[in-house]
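1. Turn this into a structure:
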Amino acid sequence: MEVNISKKVPYRKQLEDILVDISWAKISTKYFGKSVSWIHNKISEIDGNGGKGGFTPEEAEQFRGALYDLSERIRKTADNFKG
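-> From the prediction side, this is the model:
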């Protein structure tokens, strides 16, 4: 019997394509009401004391929603852009 054990991909790896293109400070304050250091710690999967951390399942869902909202706003802006 084959057992499928999936390894968790680190957040930074999942975000590497957009990591330097996004204002994480804006995401953190607009969608979470938190500081930029808070979201950097979440993305780096550390807690405020340097231990293991990351997003809770609820925060991960909220983060996913924030990325979807931002992507939709960018798409609408691009659709309406007249050069």
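2. what residue lies at the spatial centre of the chain?
-> By C-alpha atoms, centre = their mean, the mean C-alpha position of the chain lies nearest to F63, the distance being 5.2 Å.
3. how much space between that one and G53?
-> From F63 across to G53, the span is 14 Å (C-beta to C-beta, to the nearest Å). No exception for glycine: its C-beta is placed from N, CA and C like everyone else's.
4. Find residues that contact each of these two.
-> K42 (C-beta atoms under 8 Å, 6 or more residues apart in numbering).
5. buried stuff in the helix ranked longest in the chain?
-> Secondary structure assigned by DSSP state H gives helix 57-80 as the longest helix of the chain. With burial defined by 16 or more other C-beta atoms under 10 Å, the residues of helix 57-80 counted as buried are F63, A66, L70.
6. which helices and strands does it pack with?
-> On a contact count with 3 or more C-beta pairs under 8 Å, 6 or more residues apart in numbering; DSSP states H and E, helix 57-80 meets helix 24-27.
7. Can you pull out the low-pLDDT segments for the protein?
-> Applying pLDDT under 70 to the chain picks out residues 1-6.
8. picking that back up, now the nearest residue to the residue nearest to the centre of the chain once chain neighbours are set aside, what's its secondary structure?
-> Nearest residue to F63 in three dimensions, chain neighbours excluded: F55, at 6.0 Å (C-beta to C-beta, 6 or more residues apart in numbering). Following DSSP: H, G, I helix; E, B strand; the rest coil, F55 is assigned to coil.
9. Okay, F55 and E16: tell me how far apart.
-> F55 sits 17 Å away from E16, going by C-beta to C-beta.
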